[in-house]
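A.B. asks: Sequence first, predicted model second:
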Amino acid sequence: MSEPKKLFVKTYGCQMNVYDSERMAEALGAKGYVPTDRADDADMILLNTCHIREKAAEKVYSELGRFKPLREANPDLKIGVAGCVAQAEGAEIMRRQPMVDLVVGPQTYHRLPEMMERVEAGEAALDTDFPEEDKFAHLPKARKAPRGPTAFLTVQEGCDKFCAFCVVPYTRGAEVSRPVERLLREAQDLVARGVREITLLGQNVNAYHGEGPNGREWGLARLIWELAEVDGLDRIRFTTSHPNDMDDDLIAAHGTCEKLMPYLHLPVQAGSDRILKAMNRKHTADDYIRLIERIRAARPDLLLSGDFIVGFPGEGEADFQATLDLVETVGYGQAYSFKYSARPGTPAAERDPVPTEGADQRLQRLQELLSRQQRAAQDAMVGREVSVLFEKPGRLAGQTVGKSEYLHAVHVTGPETLRGQIAKVRIVASEANSLAGELI
Ligand code: 5AD
Ligand code: SF4
């Protein structure tokens with residue numbers, strides 16, 4: 001029997017890419033590929049790329065350049081580019097980097113096995129369609145090997161919101177929700193393999209509107225309640241959401257569904273109504289603040305996370321101050337902030353940018369405020385009792401690390417057998433990026 005071929009996948013960007021990479025590896029598993037974590041050992045290298053910010057395409061080209069010596073050493077080495085840069089650049093990738101054998105977009109990777117056949121026969125393979133068929137229905141179903149206690153599950157893809165800065169509606173395409181029954185099966189399968197926490201993924205996950213078992217459309221809250229019935233599944237999370245799709249049922253579920261964790265990533269992007277309008281966000285700062293009040297009324301201890309963009313075209317000092325004010329009013333336990341980056345093909349890319357220096361300064365000021373809040377939220381956990389799902393060994397010998405319900409990393413001194421268990425922990429110290437706790 002011949003040696004199994006080795007596949008090295010490198011993943012950039014969001015959690016959905018992490019999920020996609022796993023599914024691509026499974027799809028290629030059917031073609032005899034086994035995963036390796038070393039590029040220099042691989043028969044096939046696949047970059048799963050992200051196009052959301054910065055010079056994404058340039059980064060991919062320079063990464064590809066780094067594989068040149070590997071290809072020279074092994075002319076049989078195959079190289080592929082997947083994900084959102086593949087979608088956006090298409091055939092241009094092969095023109096600029098002829099070493100690339102395969103280009104596949106996020107909606108067609110179920111076709112990887114037959115694409116690989118062509119590649120192995122020495123042809124190039126390119127597919128960046130937005131096909132009619134559902135890729136998930138064509139991917140291998142057998143995900144049997146045991147795995148860690150947490151997993152992602154893509155329930156919705158694409159976005160119809162068209163925020164003026166964002167490439168997602170172009171790279172991932174229109175909003176599509178997967179049917180409830182398939183998701184239920186996939187969740188049950190994950191649980192059978194040792195998973196206890198599932199994070200439901202979607203570019204705009206709270207817009208979920210999949211077909212329910214009764215043939216009617218179900219919203220995200222109803223899906224969560226259904227998943228909560230799965231024995232052995234203890235924790236449910238979802239990310240990422242648009243404020244306008246937080247419906248009453250979903251808000252209520254945060255108060256009443258025990259398995260839904262008290263953590264919510266709800267990006268607002270900016271605090272100035274003028275900029276929110278220019279961003280095509282379709283809500284005001286006040287709408288957002290009132291929404292947060294309602295969610296916190298349902299779940300007072302909820303830890304809130306968000307995304308912010310500074311330096312959006314037209315943003316003046318007063319607009320930026322409004323963002324700082326909103327952050328002060330809302331109070332975040334965690335947040336991501338970015339300097340605006342013009343994405344080709346988006347409406348905002350046509351507008352005059354804020355000079356870099358000013359934007360850099362704003363980013364620094366915002367990040368100082370957000371990290372103060374993050375620190376305060378973490379420090380406030382000291383003395384409290386949390387429940388931790390343990391995932392892996394800690395940095396120091398004898399330590400095991402996991403996540404609290406608030407998604408804080410918590411480490412304790414405890415046996416390795418804790419992995420996969422949920423245990424009560426008292427927080428004793430707040431450290432740089434984690435909490436120290438003691439088993440109760
Ligand atoms: N420039 C900067 N940040 C962006 N994001 C999306 N597009 C851009 C862009 N062009 C940020 C938003 C979004 C997160 C995933 O990335 O904050 O919520
Ligand atoms: Fe992009 Fe999110 Fe806006 Fe959709 S809602 S366009 S994914 S920022």
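C.D. replies: Received, thanks. Ligands and ions are numbered 1, 2, ... in the order given.
A.B. asks: from here on, contacts and neighbour counts on C-alpha atoms
C.D. replies: Will do.
A.B. asks: buried set for stretch 252-268?
C.D. replies: Going by neighbour count (16 or more other Cα atoms under 10 Å), the buried part of stretch 252-268 is 252-255, 257, 259-268.
A.B. asks: Equivalent analysis for stretch 178-188, please.
C.D. replies: Arg178, Pro179, Val180, Arg182, Leu183, Leu184, Glu186, Ala187, Gln188.
A.B. asks: With adjacent residues omitted, what lies nearest to Lys259?
C.D. replies: Arg235 (4.8 Å; Cα to Cα, 6 or more residues apart in numbering).
A.B. asks: I figured that neighbour hits Pro262, correct?
C.D. replies: No: between Arg235 and Pro262 there is no contact, the gap being 10.2 Å when judged by Cα atoms under 8 Å.
A.B. asks: Any chance of the backbone angles for the residue of the stretch 251-400 of the chain found nearest ligand 2?
C.D. replies: Closest approach between the stretch 251-400 of the chain and ligand 2, counting by Cα to the nearest ligand atom: Arg281, at 7.0 Å. Here the main-chain torsion angles of Arg281 (degrees, to the nearest 10) amount to phi -80, psi -20.
A.B. asks: again, but for Tyr288
C.D. replies: Taking degrees, to the nearest 10 as the convention, Tyr288 sits at phi -70, psi -50.
A.B. asks: For it, list the residues it contacts.
C.D. replies: Pro243, Val268 (Cα atoms under 8 Å, 6 or more residues apart in numbering).
A.B. asks: Local confidence estimate at it?
C.D. replies: pLDDT for Tyr288: 98.
A.B. asks: Now the residue nearest to Ile422 when sequence neighbours are not counted: which helix or strand?
C.D. replies: Closest residue in space to Ile422, ignoring its immediate chain neighbours: Leu389 at 4.3 Å, by Cα to Cα, 6+ apart. Assigned by DSSP states H and E, Leu389 belongs to strand 385-393.
A.B. asks: partners of that strand, with directions?
C.D. replies: Paired neighbours of strand 385-393 in the sheet (DSSP bridges): strand 399-404 (antiparallel), strand 422-430 (antiparallel).
A.B. asks: Just name the most buried of these.
C.D. replies: strand 399-404 (a mean of 22; mean count of other Cα atoms under 10 Å).
A.B. asks: Centre of the chain to that strand, how far?
C.D. replies: 21 Å (Cα atoms, centre = their mean, to the nearest Å).
A.B. asks: quick one: average confidence on that strand?
C.D. replies: pLDDT averaged over strand 399-404 gives 97.
A.B. asks: what's next to that strand, contact-wise?
C.D. replies: Residues from elsewhere that reach strand 399-404, judged by Cα under 8 Å, 6+ apart: 386-394, 409-416, 418-419.
A.B. asks: Kindly recompute the last result at 10 Å.
C.D. replies: Under the contact criterion Cα atoms under 10 Å, 6 or more residues apart in numbering, strand 399-404 has outside partners 149-150, 261-262, 385-395, 408-425, 434-437.
A.B. asks: Put the alpha carbons of it into PDB.
C.D. replies: Taking Å, rounded to 0.1, in the frame of the first residue of the first chain, the C-alpha atoms of strand 399-404 are listed here in PDB:
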ATOM      1  CA  GLN A 399      -1.900  23.200  35.000                       C
ATOM      2  CA  THR A 400      -5.000  22.600  33.000                       C
ATOM      3  CA  VAL A 401      -6.800  25.500  31.100                       C
ATOM      4  CA  GLY A 402     -10.300  26.000  30.000                       C
ATOM      5  CA  LYS A 403     -12.900  28.700  29.500                       C
ATOM      6  CA  SER A 404     -15.400  30.100  31.900                       C
END
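A.B. asks: my read: Gly215 touches Pro179, true?
C.D. replies: Yes: judged on Cα atoms under 10 Å, Gly215 makes contact with Pro179 at a distance of 9.4 Å.
A.B. asks: which residue ranges form the strands in the stretch 1-150 of the chain?
C.D. replies: All strands of the stretch 1-150 of the chain, identified by DSSP state E, counting those that start in this stretch, fall at 5-11, 33-35, 44-49, 78-82, 102-104, 125-127, 150-154.
A.B. asks: Any idea which of the ones you listed gets closest to Gly194?
C.D. replies: strand 150-154 (8.4 Å; Cα to Cα).
A.B. asks: where along the stretch 201-350 of the chain do the strands fall?
C.D. replies: With DSSP E, counting those that start in this stretch as the criterion, the stretch 201-350 of the chain has strands spanning 209-211, 217-219, 235-239, 263-265, 303-310, 334-339.
A.B. asks: got a markdown table for these, with mean pLDDT and distance to Thr49 too?
C.D. replies: Shown next, in a markdown table, are those (pLDDT from 0 to 100; distance: least, Cα to Cα, whole Å):
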| stretch | mean pLDDT | distance to Thr49 |
| --- | --- | --- |
| strand 209-211 | 97 | 27 |
| strand 217-219 | 98 | 30 |
| strand 235-239 | 98 | 19 |
| strand 263-265 | 98 | 23 |
| strand 303-310 | 98 | 20 |
| strand 334-339 | 96 | 19 |
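A.B. asks: got TSV for the ones you listed, with distance to ligand 1 too?
C.D. replies: Listed next are the strands of the stretch 201-350 of the chain as TSV, based on distance: least, Cα to the nearest ligand atom, whole Å:
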stretch	distance to ligand 1
strand 209-211	21
strand 217-219	21
strand 235-239	10
strand 263-265	10
strand 303-310	4
strand 334-339	5
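A.B. asks: what distance separates the one helix or strand in the chain whose mean pLDDT sits lowest from the middle of the whole chain?
C.D. replies: The helix or strand of the chain with the poorest confidence is helix 135-138; it has a mean of 83 (mean pLDDT, DSSP states H and E). Here helix 135-138 is found 20 Å from its chain centre; the criterion is Cα atoms, centre = their mean.
A.B. asks: mind listing what's buried in that helix?
C.D. replies: Phe136.
A.B. asks: who touches that helix?
C.D. replies: Arg23, Ala27, Pro106, Gln107, Thr108, Tyr109, His110, Arg111, Thr154, Arg178, Arg182.
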